[in-house]
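Enquirer: What would the 3D arrangement of this be:
(one chain, ligands or ions: 1)
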Amino acid sequence: MTNGTCSNCKSKNIYKSQNTSWSRDGITVSALGDKVTETFATEAYLCLDCRKLEIYVEEHAAAIFGKGKPLAEMIEASTNWKKI
Ligand SMILES: [Zn+2]
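Expert: Next comes the predicted model:
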């Protein structure tokens with residue numbers, strides 16, 4: 001998908017989301033904590049022919065200043081993501 005070809009149907013009709021904001025535009029992933037919710041931006045690839053949606057979550061949480069918390073640490077500690 002990231003190379004412009006659909007991994008499901010081989011179509012080249014792929015669109016990438018433009019989600020560059022630290023806030024909630026586009027598709028985001030939330031990790032709920034006891035006091036704080038961390039929000040992670042994503043890069044999403046959508047095939048308009050078969051509608052497959054592939055999402056890559058950013059490695060660090062969105063932050064107004066500096067670098068946000070790491071994804072792996074926050075997901076493991078969250079109350080809304082459970083390991084399967
Ligand atoms: Zn496709």
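Enquirer: For the protein, which residues are neighbours of the ion?
Expert: Within the chain, the positions lying close to the ion (C-beta under 5 Å from the ion) are C6, N8, C9, S11, C47, D49, C50, K52. (Each C-beta comes from the backbone N, C-alpha and C, glycine too.)
Enquirer: ok, of those, which come out buried?
Expert: By neighbour count, with 16 or more other C-beta atoms under 10 Å, the residues of the chain next to the ion hold C6, C47, K52 as buried.
Enquirer: Just grab the bridge partners of the residue lying closest to K16 once chain neighbours are set aside for me.
Expert: Nearest residue to K16 in three dimensions, chain neighbours excluded: Y45, at 5.5 Å (C-beta to C-beta, 6 or more residues apart in numbering). When assigned by DSSP bridges, Y45 has beta-bridge partners K16, E54.
Enquirer: Next up, the contacts around Y45.
Expert: Shown in contact with Y45 (C-beta atoms under 8 Å, 6 or more residues apart in numbering): M1, T2, I14, Y15, K16, S17, L53, E54, I55.
Enquirer: what about 6 Å?
Expert: M1, I14, K16, E54 (C-beta atoms under 6 Å, 6 or more residues apart in numbering).
Enquirer: how far away is it from T5?
Expert: To T5, Y45 is 10 Å away according to C-beta to C-beta, to the nearest Å.
Enquirer: Then F65?
Expert: When F65 is compared with T5 (using C-beta to C-beta), they lie 38 Å apart.
Enquirer: Looking at these two, which is more packed in?
Expert: Between F65 and T5, counted using other C-beta atoms under 10 Å, the more crowded position is T5 (14 against 6).
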